[in-house]
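J.: any chance you can model this:
(one chain, ligands or ions: 1)
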Amino acid sequence: MADVKAHEQDDTVHERVLYPEHVQRTESAAFRDNKHILTKKLQLGCWVCGTRENLEVHHLHEWALWPKLDAERVLEFLRCFDPYGFSRHMGEQPVESPDDIRNLLVLCEEHHRGVDTGVHKLTYPIWLPQRAVRGGGEITVE
Ligand SMILES: [Zn+2]
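T.: Numbers count the residues shown, from 1 in each chain. Here you go, the predicted model:
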């Protein structure tokens, strides 16, 4: 018998972000090309659930925070988290834009922006394990 029974926990996260001054985002040619490579050429599905429906492409390092980030530290992270192997192939090539293919992750709309499932809505310790839930079950409540 488990010490702690299954239970629901309701947390409210209040996030205050200091975005640096940045240009208004527009979809760059690099982003369009890389999205095409990931979703059409490589036929990748959502990194969390695998679906090929309603696919979007997520920036691992947020576009609007880019002016505040150290490119070498970004590359260091992307060498560790390299789900498609691009960092391994591109070696020391600097990451010069948030639209670099190494900084992109294919997600379905639900796991990207979904209120109770999206990477933009949940904390990391709750969002990430959704990928490993047995039998495709859910770990969040609507
Ligand atoms: Zn998904």
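J.: any idea how far the helix or strand hosting residue 105 is from the chain center?
T.: In this structure, residue 105 is located in strand 104-108 according to DSSP states H and E. Offset of strand 104-108 from its chain centre (CA atoms, centre = their mean, to the nearest Å): 6 Å.
J.: hmm, that strand touching the ion?
T.: Yes - Strand 104-108 comes into contact with the ion (CB under 5 Å from the ion), by way of residue 108. The C-beta positions use only the backbone N, C-alpha and C, and glycine is treated the same way.
J.: ok, now stretch 25-41?
T.: No - using CB under 5 Å from the ion, we find that stretch 25-41 stays clear of the ion, coming within 12.8 Å at best.
J.: could you shift the numbering so residue one becomes 58, and keep it that way?
T.: Got it, first residue is 58 now, which makes that one stretch 82-98.
J.: strands paired with the strand holding residue 162, and their directions?
T.: Sheet pairing here is set by DSSP bridges, and for strand 161-165 it gives strand 112-116 (antiparallel).
J.: the partner strand and the ion, any residue contact?
T.: No - for strand 112-116, no contact with the ion is found by CB under 5 Å from the ion; the gap never falls below 8.6 Å.
J.: which of the residues in that strand are buried?
T.: Using 16 or more other CB atoms under 10 Å as the test for burial, strand 112-116 gives 112-116.
J.: my guess is residue 121 meets residue 81, correct?
T.: No - with contact defined as CB atoms under 8 Å, residue 121 does not reach residue 81; the gap is 9.6 Å.
J.: who has more neighbours, those two?
T.: residue 121 (16 against 5; other CB atoms under 10 Å).
J.: SS state for the more buried one?
T.: helix (DSSP: H, G, I helix; E, B strand; the rest coil).
J.: for the helix or strand where residue 87 lies, what is the distance to the chain centroid?
T.: If you go by DSSP H and E, residue 87 is part of helix 86-93. Chain-centre distance of helix 86-93: 16 Å, with CA atoms, centre = their mean.
J.: what helices or strands is that helix leaning on?
T.: strand 112-116, strand 161-165 (3 or more CB pairs under 8 Å, 6 or more residues apart in numbering; DSSP states H and E).
J.: so for the last one, what gets flagged as buried?
T.: Buried positions in strand 161-165, judged by neighbour count with 16+ other CB under 10 Å: 161-165.
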